[in-house]
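J.: what follows is a predicted structure for the sequence shown.
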2 protein chains.
Amino acid sequence: MKKVFLISLLVFINLAVAQSVQSPSGKIAVNFKLAANGQPSYSVNYKNKPAVLESALGIKLKDKPALDANFDILDSKTTSFNESWKPVLGEQSSIKNHYNELTVSLLTKETKVKMNIIFRVFDEGVAFRYDFPKQAELNYFIISDEITQFNLTENNKVFWLPGDFDSNEYEYNETRFSEIDNSKINMNNGIGVKSIPGKYTVQTPLMMKAPSGVYLNIFEAAVVNYPVMHLNADVTNYKLKAELVPNAIGDKAYLQTPCVSPWRTIMISDDARDIVASKMILNLNEPSKIEDPSWIKPMKYVGIWWEMHVGKSTWDYAGSQNATNFADAPKASGKHGATTENTKRYIDFAAKNGFDGVLVEGWNVGWEDWNGNWKEEVFDFTTPYPDFDIAALSAYAKEKNVKMIMHHETSGSVSNYERHLDRAFDLMKKYDYPAVKSGYVGRIIPRGEFHDGQSMVNHFNFVVKRAADYKIMINSHESSRPTGVGRTYPNYIAAEAARGNEFNAWSVGNPPAHETILPFTRQLGGPMDYTPGIFEVKMSYYDKNKTEQVHTTLAKQLALYVTMYSPLQMAADLLENYEKYPDAFQFIKDVETDWDESKYLEAEPGDYVTVARKTKGKETWFLGAITDENARTSEVKLDFLTPGKKYKATVYADAANAHWKNNPIAYQIKTMTVTSKSKLKLILAAGGGTAVSFEPIL
Amino acid sequence: MKKVFLISLLVFINLAVAQSVQSPSGKIAVNFKLAANGQPSYSVNYKNKPAVLESALGIKLKDKPALDANFDILDSKTTSFNESWKPVLGEQSSIKNHYNELTVSLLTKETKVKMNIIFRVFDEGVAFRYDFPKQAELNYFIISDEITQFNLTENNKVFWLPGDFDSNEYEYNETRFSEIDNSKINMNNGIGVKSIPGKYTVQTPLMMKAPSGVYLNIFEAAVVNYPVMHLNADVTNYKLKAELVPNAIGDKAYLQTPCVSPWRTIMISDDARDIVASKMILNLNEPSKIEDPSWIKPMKYVGIWWEMHVGKSTWDYAGSQNATNFADAPKASGKHGATTENTKRYIDFAAKNGFDGVLVEGWNVGWEDWNGNWKEEVFDFTTPYPDFDIAALSAYAKEKNVKMIMHHETSGSVSNYERHLDRAFDLMKKYDYPAVKSGYVGRIIPRGEFHDGQSMVNHFNFVVKRAADYKIMINSHESSRPTGVGRTYPNYIAAEAARGNEFNAWSVGNPPAHETILPFTRQLGGPMDYTPGIFEVKMSYYDKNKTEQVHTTLAKQLALYVTMYSPLQMAADLLENYEKYPDAFQFIKDVETDWDESKYLEAEPGDYVTVARKTKGKETWFLGAITDENARTSEVKLDFLTPGKKYKATVYADAANAHWKNNPIAYQIKTMTVTSKSKLKLILAAGGGTAVSFEPIL
């Protein structure tokens, strides 16, 4: 199984007993220390300067002595690892996994409990985890707290989200570390369920930039059978401490030896591009457990979705969000989106324009009374509305060579979803749906659990595994954010797990900088279903009283298909809006979703990202460049192109007078012939972007 | 659907606007009162004397004004109802449901919330429930407390179990009401998980006898989407108040209008036989929702079970209860009970002796590490041990015309069970298992939930409904106790939900009075899988160091097949023990499990029960008589037999010198010819019993 993904060069070298370890290049060094009282800690240097100061390590247990001091060192060893592996889908077709590893084996003085701390040092960062070997002294245990610290050197600039056990759909705050304060942010932000434990709790991935210019990113990898880690900030002393998400009764994690914690990761570089390009999080996850992944395929799709967000149609049949209107005497409102007729329109469009799939939300009974009431039994995931002919549509889609994408909104009732899961997947197989978008809007049931607790982490991973039994791909929304587990289960093809494009339709929205931060944060753990491609940017187009809008230009919406990596990409706007701008739409039709190579040409969190990607197995390239609220001009070298080849570049750029707020739709399209020696001038409007396709000239 | 069960005579008469209502015979009267402050209350008279004093009614809500005062009466009306219906299986083939009903419609003065209180008065008791109509003023709501009181007149004798949110497997305490005190009882009683909320909390059904000789029983019927009701006792003032079982975060019930509470029931009679014979709890439940119940059949069964309790074999393959012994290198201990060979022996025995089924516990992987660790994923319910050939055994059983009974121990992990339920039932259908014994030993997962909370009540009902999809019968152990929901889902064929026979094998056991109390308590809600039929009563038979024993004579074990009504009856002892006593075993072979009629001839809670039952569709009768720790002699009239017919009576009685402790196995068997004019002298040893079969002489 593993053999499919490991290419070569699997080397373990037992270097020596040691308590420090460097990255392969030597740029990053980790020092492990055991204090006189037996307390373990670590520190990190970057280019010989402190990057993380001495920070405590350890775990507190429920009803057992803590594992945070009174240790002796039993043993320590350093090894090296260097391999390349091929992801099923990805930003690149081969990923190098190269690190040095230090394992420190600890033993508590009195209770004789063994715990190992394993450090891996890559050229772009450090990872460490707690490892609890099988032993008579520790079998079942409950984690009551993880005391892991990340003590910073300076008052960094930080891109932070409030630590929230239930939602990661916030706007980023860009402040000094000392200014982190959840009480000061606007909570009227369109998020339904919020559970913020404290004023100074923030989420990971936490992206920072030190005054010295060094970038730091604190995150975690391989969150399996463990809660999500948020961080508590000591804003005076620039310290961070792990804050694990509790369960309904306040415990953090139930474990049995042998077991490991997730990896705690610290990426460090003085070049921001190293952070966005890093595959460290994926590398820290287990290889694929899906032996034959041939059914896992990228998909570009359209769907019945944005029309609900803009108020043109409704998820529910009766259009009133009033349960009695359906249960008592089902009466179609005429506004229901997921009708057979409308779905056929989308299938026709997908077939005509080369899309792989059609998502239909609101196809199933339950939307009358689905949200905000902590209701256990809302959907059964198998009963279509009377105006949605699933059998006929499935046949129609097949005839047109288009795949249907299922939708499972759980409204947070995981108990109910798990009960119906096999039946829901059976229905999908019956009608040949290869993928499902799942949703977890609302408070979690079992009541008392949070979206980010251990049992929900287990749920999200369980659904992916169960789906693999059916050869079904998962795209989860409102889940805990991915931590690279998609390497292990490549059918976990995408997730939302951050503030997506739809917030622009009905809330304060996503500020122009938003998409320049996501690649440094959310996207480190796996692809995001951001649903770009909105051409009619202003909601006043639908209702002149509305002031909401997408906070980008149209050209930036195109560029997002390249900057926001995902093998599952939606063209989210209404079909008629694409038909109005066929020249711009051509880019969405052309752009690919699976890549041989990705080159981050320019990147600064909160400011801009420029990336070029080579299509998997083809000579075509695509480039996306985006900026924040500031207009930007730059020049990039096209030296990624194959030397000696000529390419037709089609540049989809902001018009000279474009502006995300005042003139968002204005774009211009130019074509030119380029080679690897060419330079390309990028002129981005405020909140703008540029998308480029490169087609080899034969 | 309903038509199948309603026979005739469905009469509603609107008598008058009234605030009191009497039973059809006039013996019982309920008075509803609204105090000056708008607080509702009720009182009950029995034969014109107070039986329940003025007791408060009402509900407290979370985040909303309480519904316990400030009411006006909107309306009240009285109706009469009289029908008979046919249970699928039962103690009698036709059940009369005759009551007068008073509905008081209340409206809160300020918030204008409507709540009805519905009283039904039967000749053997009173029931009332809260009814929340659909209304704009109340849609979703959360119950934080139910304040329902039951204020008694005297210091009754009470048969009580400590109120425990997780277990009903206690011995009964027989004390005065004033002596209720959980702190004084022996907690070293073999129960694994205990959650007792207070010193004075007791369980329902709560059986009482007033000094005046009137019997009272407080219970509930139709617990659906609501937690179990325990009771808090005010031991000084003889008052009881509802104590609903909370969920993980302390809430009691999540409801949406229109909805109802379970019925709160008070049975009252000066003849104890009226209590045990009452079908009031069943009558208060909804008619069957299973349209074609032809697949629901009574079963007498043997199984691989008691041999584990006596230490002769083990549930787990490796025999060590050590997970690594299975997971790392499965090695059979030679003590595993559920082997193919052993199972065949049970199938052969069942076929030879006319049993319908064979239960096999320990057939599936997981028992190595199943109990006491609050572990989420223990069993998958589909993977047999390597020495259990499920396909071959299923074929073998079919050939022998014996049905296999499945076993699903969940170890309390309901999350895990629900995830696997469809697959578990699919396996059963594949191998033609018509019934499953489920188990819930251990703390519940989702963690923080109790066995008796709303979500677990919903789980138990959900499993029964889901099983009906597969035409599978359910026999749940360690579930919340039944409240007549088996009327609605007749495939809920039995439950344990009280202290069963197995406690006698390895704990202080069940005192001789135990089985004389169960018909007044646990069995009011539905059949109990008590697993009688232990012939080798003393555990010293297996291990001379053991002092545990079944606290009955052998003859009483036979009588239990009649006194402990269940359509699913186990012959629980080892096969070889039956082979040693073939004459006594004949009664177990002969006894039936489904009845046309049942006549309670004698009954006194805690002392004795004598019942005669006529086989469904046949002229044979069976009689069971049991006593507590006291020997007992009585004479019963056989006037239940068909006049003019002669019957061969076979009497399985205690030997003259029998005694549950000193000489439990000694029995004598006599045959005689009897008619409806005969009298039968019953001579029961201490802890003894008599079983009689009546065969018509043609």
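T.: Structure's in. What do you need?
J.: quick check: closest non-adjacent residue to the residue of the stretch 51-200 of chain A at minimum distance from chain B.
T.: Closest to chain B within the stretch 51-200 of chain A is A:Y140: 4.6 Å, counting by Cβ to the nearest Cβ. Any C-beta I mention is one placed from the backbone N, CA and C, and that applies to glycine too. Excluding its sequence neighbours, the residue lying closest to A:Y140 (Cβ to Cβ, 6 or more residues apart in numbering or on different chains) is B:N373, at 4.6 Å.
J.: same check on A:L421?
T.: Nearest non-adjacent residue to A:L421 (Cβ to Cβ, 6+ apart): A:R466, at 5.9 Å.
J.: tell me which stretches of chain A form helices.
T.: A:272-277, A:280-283, A:306-309, A:323-327, A:340-353, A:390-399, A:414-430, A:454-469, A:503-506, A:514-517, A:554-563, A:575-580, A:582-590 (DSSP state H).
J.: burial count for A:E515?
T.: 29 (other Cβ atoms under 10 Å in any protein chain shown).
J.: my guess is A:K289 meets A:R487, correct?
T.: No. Taking contacts as Cβ atoms under 8 Å, A:K289 lies outside contact range of A:R487: 9.7 Å.
J.: which of the two has more residues huddled nearby?
T.: A direct count of neighbours by other Cβ under 10 Å for A:K289 and A:R487 places A:R487 higher, at 28 against 14.
J.: where does chain A dip in pLDDT?
T.: A:1-18, A:320-329 (pLDDT under 70).
J.: near chain B, which residues of it are found?
T.: A:134, A:139-140, A:247-249, A:251, A:254, A:256, A:324, A:373-376, A:415, A:418-419, A:421-423, A:446-449, A:455, A:458, A:462, A:466 (Cβ under 8 Å from any Cβ of the partner chain).
J.: can you say which of those residues are buried?
T.: Taking 16 or more other Cβ atoms under 10 Å in any protein chain shown as the criterion, what is buried in the residues of chain A next to chain B is A:139, A:247-248, A:251, A:254, A:256, A:373-376, A:415, A:418-419, A:421-422, A:446-449, A:455, A:458, A:462, A:466.
J.: one step back: distance of the residue of the stretch 51-200 of chain A closest to chain B relative to B:K645?
T.: As for A:Y140, its distance to B:K645 is 64 Å (criterion: Cβ to Cβ, to the nearest Å).
J.: now tabulate the helices of chain A in JSON lines and tack on distance to B:D316.
T.: As requested, the helices of chain A are arranged in JSON lines below (distance: least, Cβ to Cβ, whole Å):
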{"stretch": "helix A:272-277", "distance to B:D316": "50"}
{"stretch": "helix A:280-283", "distance to B:D316": "39"}
{"stretch": "helix A:306-309", "distance to B:D316": "53"}
{"stretch": "helix A:323-327", "distance to B:D316": "48"}
{"stretch": "helix A:340-353", "distance to B:D316": "52"}
{"stretch": "helix A:390-399", "distance to B:D316": "45"}
{"stretch": "helix A:414-430", "distance to B:D316": "27"}
{"stretch": "helix A:454-469", "distance to B:D316": "25"}
{"stretch": "helix A:503-506", "distance to B:D316": "53"}
{"stretch": "helix A:514-517", "distance to B:D316": "53"}
{"stretch": "helix A:554-563", "distance to B:D316": "55"}
{"stretch": "helix A:575-580", "distance to B:D316": "60"}
{"stretch": "helix A:582-590", "distance to B:D316": "58"}
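J.: most packed of these?
T.: Highest mean neighbour count among the helices of chain A (mean count of other Cβ atoms under 10 Å in any protein chain shown): helix A:554-563, with a mean of 30.
J.: how about the residue lying farthest from the centre of chain A: what's its closest non-neighbour residue?
T.: No residue in chain A sits farther from the centre than A:E110, which is 43.0 Å out by Cα atoms, centre = their mean. Using Cβ to Cβ, 6+ apart and skipping the chain neighbours, the partner closest in space to A:E110 is A:N70 (6.7 Å).
J.: got the contact list for that neighbour?
T.: Applying Cβ atoms under 8 Å, 6 or more residues apart in numbering or on different chains, we find A:N70 in contact with A:37-38, A:108-110.
J.: neighbour-wise, which of these leads?
T.: Of the contacts of A:N70, with other Cβ under 10 Å as the count, A:T108 tops at 20 neighbours.
J.: from what I see, it and A:P65 are in contact.
T.: Yes. Between A:T108 and A:P65 there is a contact at 7.1 Å, judged by Cβ under 8 Å.
J.: would you confirm that A:S634 contacts A:T610?
T.: Yes. A:S634 is within contact range of A:T610, at 7.2 Å (criterion: Cβ under 8 Å).
J.: list residues touching both of those two?
T.: By Cβ under 8 Å, 6+ apart, the residues touching both A:S634 and A:T610 are A:602, A:625, A:682.
J.: dump the residues you listed to JSON lines, plus neighbour count.
T.: What follows is these, written out as JSON lines (neighbours: other Cβ atoms under 10 Å in any protein chain shown):
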{"residue": "A:E602", "neighbour count": "18"}
{"residue": "A:A625", "neighbour count": "29"}
{"residue": "A:L682", "neighbour count": "26"}
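J.: JSON lines please, covering these and showing distance to A:S167.
T.: Listed next are the shared contacts of A:S634 and A:T610 as JSON lines, based on distance: Cβ to Cβ, whole Å:
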{"residue": "A:E602", "distance to A:S167": "31"}
{"residue": "A:A625", "distance to A:S167": "30"}
{"residue": "A:L682", "distance to A:S167": "34"}
